[in-house]
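Novice: just to be clear, the model below is a prediction. Sequence and coordinates:
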Amino acid sequence: MASAFREKLSELSRERLIDFIEMSNRNFWSLQNNYIVNIEKRYGQDVAIEFDELAYGRAAEVSVYRLKKFFGLGDDMETLKLAYQLLPWGSYVPAEFPVCTDKKLVRRVPVCTMQMERIKRGAGELPCKPALLPVAMKIAEAVNPKIKVTHLTAPPDPHPDNMFCELVFEMGD
């Protein structure tokens with residue numbers, strides 16, 4: 001017997017199903033952003049960043065394993081790029097991939113929705129680099145343990161107005 005969830009989704013057109021998935025991704029980000037904001041208010045920024053790394057990192061790692069299995073993906077740089085595009089933040093945080101070769105992938109975020117909201121509220125940029133690095137390492141390792149993060153620019157690092165963060169991944173031997 002199908003669940004109400006599956007039944008309702010099976011009634012949707014392909015376009016509406018895609019809209020539903022994108023809305024679900026935004027819902028995930030609403031939860032994640034509120035989680036971090038409220039931890040920061042109660043316990044301070046350092047604790048918020050620590051918990052962001054712990055929860056977000058593990059969620060990303062598990063999600064990549066599931067994506068690889070679901071789509072039958074490989075263990076190369078193209079899979080890493082696709083994983084970033086398919087993860088819940090893939091439709092929420094616009095990223096560019098100016099380099100994608102067998103040995104190197106560059107992921108750049110020109111406009112970070114979360115950071116822009118913080119700036120608009122007067123909260124300033126969240127120094128996300130301490131959480132972003134271990135999360136990126138977990139994502140890369142879930143694709144292939146030979147993939148390493150070799151460079152990361154992210155707040156609190158200074159950055160140009162047209163780029164919030166940039167990650168460089170390289171395939172080792």
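Specialist: Nice, I can see it.
Novice: read off the pLDDT value for the residue nearest to Lys146 when sequence neighbours are not counted.
Specialist: Counting by CB to CB, 6 or more residues apart in numbering, Lys146 lies nearest to Gly172, which is 4.6 Å off, once chain neighbours are set aside. For glycine as for every other residue, the C-beta is placed from the backbone atoms N, C-alpha and C. pLDDT for Gly172: 94.
Novice: ok, Gly172 to Asn162 distance?
Specialist: 31 Å (CB to CB, to the nearest Å).
Novice: can you tell me the element the residue nearest to Glu170 when sequence neighbours are not counted falls in?
Specialist: Spatial nearest neighbour of Glu170, excluding adjacent residues (CB to CB, 6+ apart): Thr150 at 4.7 Å. Here Thr150 sits within strand 147-153, counting by DSSP states H and E.
Novice: that older thread, do you know how far the residue nearest to Lys146 is from Glu141?
Specialist: Distance, Gly172 to Glu141, using CB to CB: 11 Å.
Novice: now do Val47
Specialist: Val47 is 25 Å from Glu141, by CB to CB.
Novice: okay, the two: which has more neighbours?
Specialist: For Val47 versus Glu141, neighbours defined as other CB atoms under 10 Å are more numerous around Glu141 (15 against 12).
Novice: what's the closest non-adjacent residue to the more buried one?
Specialist: Spatial nearest neighbour of Glu141, excluding adjacent residues (CB to CB, 6+ apart): Ile147 at 7.1 Å.
Novice: can you show me the helices along this structure?
Specialist: 4-10, 14-43, 45-71, 77-86, 113-121, 129-143 (DSSP state H).
Novice: let me have those helices in CSV, extended by distance to Asp102.
Specialist: Formatted as CSV, the helices of the chain follow (distance: least, CB to CB, whole Å):
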stretch, distance to Asp102
helix 4-10, 37
helix 14-43, 29
helix 45-71, 18
helix 77-86, 6
helix 113-121, 31
helix 129-143, 13
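Novice: select from the ones you listed the stretch with the lowest mean pLDDT.
Specialist: Among those, helix 113-121 carries the lowest mean pLDDT (a mean of 85).
Novice: which of the residues in that one are buried?
Specialist: For helix 113-121, the neighbour count (16 or more other CB atoms under 10 Å) marks 113-115, 118 as buried.
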